[in-house]
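J.: what's the 3D shape of this:
(chains A, B, C, D and E)
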Amino acid sequence: MCGRATLTCPPEVLAEHFGVALPASLVLPRFNITPSQPMLVVRATRSGSPADREAVMARWGLVPHWAEDASIGARCAQARRETIAQSAAFRDAFRARRCLVAVDGYYEWRRAHPQQKKTGAATPHWVHRGDGAPFALAGVWERWTTPEGERVETCAVITTEARGDVAQLHHRMPVVVPRERFSAWLAASPTGASELLSQIAEESAEGLACRAVSPRVNRPEHDDAACLEPATADAPLAPEPQLTFRF
DNA sequence: CCAGACGTTGTT
DNA sequence: GTCTGG
DNA sequence: CCAGACGTTGTT
DNA sequence: GTCTGG
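T.: Predicted coordinates for the structure are as follows:
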C-alpha cells in the first residue's frame, strides 16, 4: 500500500502549506510518483529551531548509511510503524531524521476477490483529501554515500494498520501527519517520537476521501491527469461490495 | 570469534 | 516465482 | 505500487 | 554500523 503517489497542486499552495521554499528540482504536477523516484520531503534544518524547515527532493526507497550498495532501497519504500524504532534499517533515521513526505494523494490497489491474483483485476483507487489540500505522510530520510563518494538522499513512508473507512480499501495505510503536528513530528525527542507516532497513526484516516480510477496509473510511465479519471462504471469484472466515490 | 542479515507488500 | 526498474 | 524481465555464446 | 546465529 501507498506505493504510488500524486503531487498535483500549485507550487504556491505547497510552499504555504508546509512553510518552506520549494527546491528548484521539484517537478510539478506529478500524477504517478513511484518508488525510486524523487519525493518532496520537508525536514528540520540542520541547526535551526524546530519550526525552521527546509524542503528537498529525496529518492523514494531508504538506503541505510551502512549499506554497501543501494539495492536495499527497493525494499525500503515503506517502514512499519510497529517496528521502525527497532529495525536496523530504519531506527537511526527514526531517531534523528524524521520528515514529512508531501503528497496530495496516493494510490491503493484493491482486488475484489482473492482469486484475482494473476488476472490483472486489481482496481486502483486514488486516496486524497476531501478538501483537495496537500497533506503530509510521516517519513524518515537518510543520506547514503556511493562507493564513488556521491551523496544520495533517500526516504521512506511510515505505514500503519488502516483506520476508518480507508480500511475498506486495504489493511495498511500511510501515517498522515496533521498540519498542527508538523513541528512536533520534526522536533520530537528520540524517545518521544514513538509515542507521538502512535497518536498520529490513530488519526490518519481523518479527512481522507477516495475514488476508483482508471487502470492507466498501473504503468509507471503514465504520468498525466488521465490517471485520475474516475473508473468507468461499465464492464466491472466482478461485483464490488459498495465502496465507491467517497467516504 | 566470524558470517550474514539488515525490509515491505501480498499471497497461500 | 522472484527480482529489478520506474 | 505494477510491469516486465528472467540467458548464453559468438559474430557483425 | 550493529545485532543475531552458529
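J.: for chain A, which residue gets nearest to DNA strand D?
T.: Residue nearest to DNA strand D within chain A (CB to the nearest atom of the strand): A:Gly3, separated by 2.0 Å. The way it works is simple: take the backbone N, C-alpha and C, and place the C-beta from them, glycine included.
J.: who touches that residue in this structure?
T.: A:34-35, A:77-78, A:107 (CB atoms under 8 Å, 6 or more residues apart in numbering).
J.: assumed it was part of a strand.
T.: No. Assignment of A:Gly3 by DSSP: H, G, I helix; E, B strand; the rest coil gives coil, placing it outside any strand.
J.: residue numbers of chain A in contact with DNA strand E?
T.: Counting by CB under 7 Å from any atom of the strand, the residues of chain A close to DNA strand E are A:64-66, A:88.
J.: pLDDT weak spots in chain A?
T.: In the predicted model of chain A, residues A:48-51, A:113-120, A:233-247 satisfy pLDDT under 70.
J.: biggest helix in it by residues?
T.: helix A:190-202 (DSSP state H).
J.: output the contacting helices and strands for the helix or strand that that one is followed by.
T.: Note on helix A:190-202: by DSSP states H and E, the next helix or strand toward the C-terminus is strand A:208-212. Using 3 or more CB pairs under 8 Å, 6 or more residues apart in numbering; DSSP states H and E as the contact test, the elements touching strand A:208-212 are strand A:123-129.
J.: residues in contact with the strand it packs on?
T.: A:6, A:104-112, A:135, A:166, A:169, A:173, A:207-215, A:217-218, A:227-228, A:231, A:240.
J.: mark which of those are buried, thanks.
T.: Buried by 16 or more other CB atoms under 10 Å: A:6, A:104-110, A:112, A:135, A:166, A:169, A:173, A:207-215, A:217, A:227-228, A:231, out of the contacts of strand A:123-129.
J.: wait, what's in contact with A:Gly61?
T.: A:Gly61 makes contact with A:35-36, A:73-77, A:154-156, according to CB under 8 Å, 6+ apart.
J.: swap in 7 Å and give it another go.
T.: A:Gly61 makes contacts with A:35-36, A:73-74, A:76-77, A:154, as judged by CB atoms under 7 Å, 6 or more residues apart in numbering.
J.: now swap in A:Cys76 and tell me
T.: Going by CB under 7 Å, 6+ apart, A:Cys76 touches A:61-62, A:89, A:156.
J.: filter those down to the buried ones.
T.: Buried, going by 16+ other CB under 10 Å: A:61-62, A:89, A:156, out of these.
J.: quick check: residues of chain A near DNA strand B?
T.: Checking chain A against DNA strand B by CB under 7 Å from any atom of the strand, the hits are A:1, A:3, A:66-68, A:72, A:74-76, A:78-80, A:83-84, A:87-90, A:111, A:114-115, A:117, A:122, A:159, A:170-172.
J.: show me where chain A has strands.
T.: Secondary structure of chain A by DSSP state E: the strands cover A:5-7, A:30-33, A:38-44, A:53-60, A:78-80, A:98-103, A:105-110, A:123-129, A:135-145, A:151-161, A:172-174, A:176-177, A:208-212.
J.: neighbouring strands for the first one, and are they parallel or not?
T.: Looking at strand A:5-7 with DSSP bridges, its partner strands are strand A:30-33 (antiparallel), strand A:105-110 (antiparallel).
J.: with that, I have no additional questions.
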